[in-house]
Structures are given as C-alpha cells and as structure tokens.
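Undergrad: can you look at this prediction? I've put the sequence above it.
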Amino acid sequence: MSTGGIPSLAELQMHGRHIKEAIDEQPPPVRWSWYLGPTGTLVLLICILTASSTAACKDHCVRVGDALEDRLLRCMDRCEVTTAKAGTCEKQCHSQVHYTRRQVQREQEDCSCLGSHVDSC
C-alpha cells in the first residue's frame, strides 16, 4: 500500500486488471461500447433501438396474421354448419374476410421471415 494518497504502480495495475476483467465478462456489444467510448455507446444505442423496433414490428405482424386466421376459420365453421358444399363456403368467406386460406398462410410465412436473413423467405 502506498502512503499519502498517491497509488503505487502495482495498485494501478491491479485496479486496471479488475476493470478489464469486468469488461471482458460482458456481451460483445457492451464490450465494444467500453472500448470505443462515446462512439461505442452510440452504436450500442442504435443496435438496441433497431432490435426493439424489429421485435415490435414482428409481434404486430404475427397478431394480424393470427386475427385473419381466426376470422377466416370462424367464417368457415359457420358456413360449414349451415351449408353442405365446401366450395361455396370458401367463396363466401373469401368475399366476407377478403382472404383465402393460402393468403393467410402466406401472411404468416412472411411474418416468420421478418427480421431474418434467410434467402428462402
């Protein structure tokens, strides 16, 4: 230990080692923000905002797809109870809901691909 309030070189090295170990335990974006200073913090903030807006957009897309599927299935169920012809029900529900089963499935597939970088989507 040093005296007089000025830390010794060994104390400074030990303190620096603890800081470096604390930084190395963090996830990569947080480490980058530490190493890059204010610029890194700004990059981290932009990454967080982008990720949160993408998640909110995907959540909304999934809810809309599920609502369309529910409306179409309810219409098909009502129609099948009252009518014996399946082809008639599909046309009738398409005119009421404005979506077919394939269109609803496509909407749901588009939602599952939202935010991913898969070429098949």
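TA: That came through, no problem.

Undergrad: from the chain's centroid, how far away is the host helix or strand of residue 31?
TA: For residue 31, the host element (DSSP states H and E) is helix 28-36. Centroid displacement of helix 28-36 relative to its chain, using C-alpha atoms, centre = their mean, to the nearest Å, is 22 Å.

Undergrad: contacts for that helix next, please.
TA: Helix 28-36 has contacts (C-beta atoms under 8 Å, 6 or more residues apart in numbering) with 23-24, 26, 40-41, 43-44, 47. In this view, the C-beta of every residue, glycine as well, is placed from N, C-alpha and C.

Undergrad: the longest helix along the chain to helix 28-36, inter-axis angle?
TA: In the chain, ranked by residue count with DSSP state H as the criterion, the top helix is helix 38-82. With axes from the mean of the first three to the mean of the last three C-alpha atoms, to 10 degrees as the basis, helix 38-82 and helix 28-36 are set at 160 degrees to each other.

Undergrad: show the average pLDDT along helix 38-82.
TA: Mean per-residue pLDDT for helix 38-82: 84.

Undergrad: quick one on the thing from earlier: pull out the buried residues from the helix holding residue 31.
TA: By 16 or more other C-beta atoms under 10 Å, the buried positions in helix 28-36 come out as 32-34.

Undergrad: many thanks, we can stop here.
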